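>>> Build the 3D model from these lines:
(2 chains)
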Amino acid sequence: DQQVKQNSPSLSVQEGRISILNCDYTNSMFDYFLWYKKYPAEGPTFLISISSIKDKNEDGRFTVFLNKSAKHLSLHIVPSQPGDSAVYFCAARALLSGAGSYQLTFGKGTKLSVIP
Amino acid sequence: DTGVSQDPRHKITKRGQNVTFRCDPISEHNRLYWYRQTLGQGPEFLTYFQNEAQLEKSRLLSDRFSAERPKGSFSTLEIQRTEQGDSAMYLCASSLETAHYGYTFGSGTRLTVV
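Down below sits the predicted model:
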């Protein structure tokens, strides 16, 4: 049972345009949602996060929107740049019962290609 | 401190052999995690340490897998009697408390079992 879903395996966008990456989740206990960016042969790198009590968080060219009623979040990149080409993972955070820390559950990722 | 280090970067082994990976977290991070990523999938949680104590293990972690974190510093992940299905990228991550930025990941160890 996949709790975090990224239904688009890939996305191509022209340089300068907006990239919109989508993510759906099923577990209402998630308290934070995060986006990671991954280049080949590297580990995922944290990009931006949003608390479950917020509906928008912005950091430079990156904005994450959360629609809690729809259990849906999206990452907007404006304007898109060729260097943004990477795999983007949506992740959701939930408390590890009895362990005092959190576990991240990841989606399968969306490969973004920004065309010059 | 340059981040989370993992060694080796790549490992090719024959089926049935044992392998061990090492992870050096960011020095002030007391929490350490192991994840596994297979082709076309996102990272999947394996196990979690707080200091030297292993507090959580996923059901993905069969009895052929063992992880340790002696003295709450570096960690090792050992796979005994490797199988072809163990081929994956093994990612280590560390964090400080419960920061909402999630974890800092290492570059991973890519295991290929032939």
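
>>> Close to chain A: what parts of chain B are there?
Residues of chain B lying near chain A by C-beta under 8 Å from any C-beta of the partner chain: B:4, B:31, B:40-45, B:48, B:50, B:55-56, B:91, B:93, B:95, B:98, B:100-108. C-beta: built from backbone N, CA, C; applies to glycine.

>>> for chain A, which strand is longest?
strand A:86-96 (DSSP state E).

>>> Other residues contacting that strand?
Defining contact as C-beta atoms under 8 Å, 6 or more residues apart in numbering or on different chains, one finds that strand A:86-96 is touched by A:3-4, A:6, A:21, A:23, A:25, A:27, A:29-39, A:44, A:47, A:73, A:75, A:101-107, A:109-112, B:42-43, B:48, B:55-56, B:100, B:102.

>>> Tell me the buried residues within the residues you listed.
A:4, A:6, A:21, A:23, A:25, A:30, A:32-38, A:44, A:47, A:73, A:75, A:101-107, A:109-110, A:112, B:42-43, B:48, B:56, B:102 (16 or more other C-beta atoms under 10 Å in any protein chain shown).

>>> got any ranges where the chain has weak pLDDT?
Defaulting to chain A. Along chain A, segments meeting pLDDT under 70 span A:1, A:97-100.

>>> My question was about chain B, not that one.
B:1, B:97-101.

>>> Any chance you could spot the residue sitting in the middle of it?
Nearest to the mean C-alpha position of chain B, counting by C-alpha atoms, centre = their mean, stands B:Trp34 at 3.4 Å.

>>> Quick check, it in contact with B:Ser75.
Yes: between B:Trp34 and B:Ser75 there is a contact under C-beta atoms under 8 Å: 7.3 Å.

>>> what residues are shared contacts of those two?
B:23, B:67, B:92.

>>> measure the first one to chain A for me?
When you say that, I think you mean B:Cys23. Plainly put, B:Cys23 is 11 Å away from chain A if you go by C-beta to the nearest C-beta, to the nearest Å.

>>> Also the second one?
With distances taken as C-beta to the nearest C-beta, B:Ala67 is found 14 Å from chain A.

>>> mind checking how far that residue is from B:Glu28?
21 Å (C-beta to C-beta, to the nearest Å).

>>> So for the two, which residue has more residues nearby?
Taking neighbours as other C-beta atoms under 10 Å in any protein chain shown, B:Ala67 and B:Glu28 compare with B:Ala67 leading, 20 against 8.

>>> Quick one: residues contacting the more buried one.
Per C-beta under 8 Å, 6+ apart, neighbours of B:Ala67: B:34, B:46-47, B:49, B:54, B:61, B:75-78.

>>> Not including adjacent chain positions, what is the nearest residue to A:Ser51?
Leaving aside its chain neighbours, A:Ser51 sits nearest to A:Tyr32 (5.8 Å; criterion: C-beta to C-beta, 6 or more residues apart in numbering or on different chains).

>>> right, and the one you found touches A:Ile53 too?
No: the pair A:Tyr32 and A:Ile53 does not pass the contact test of C-beta under 8 Å, sitting 9.8 Å apart.

>>> what comes up buried for stretch A:53-73?
For stretch A:53-73, by 16+ other C-beta under 10 Å, it's A:62-66, A:71, A:73.
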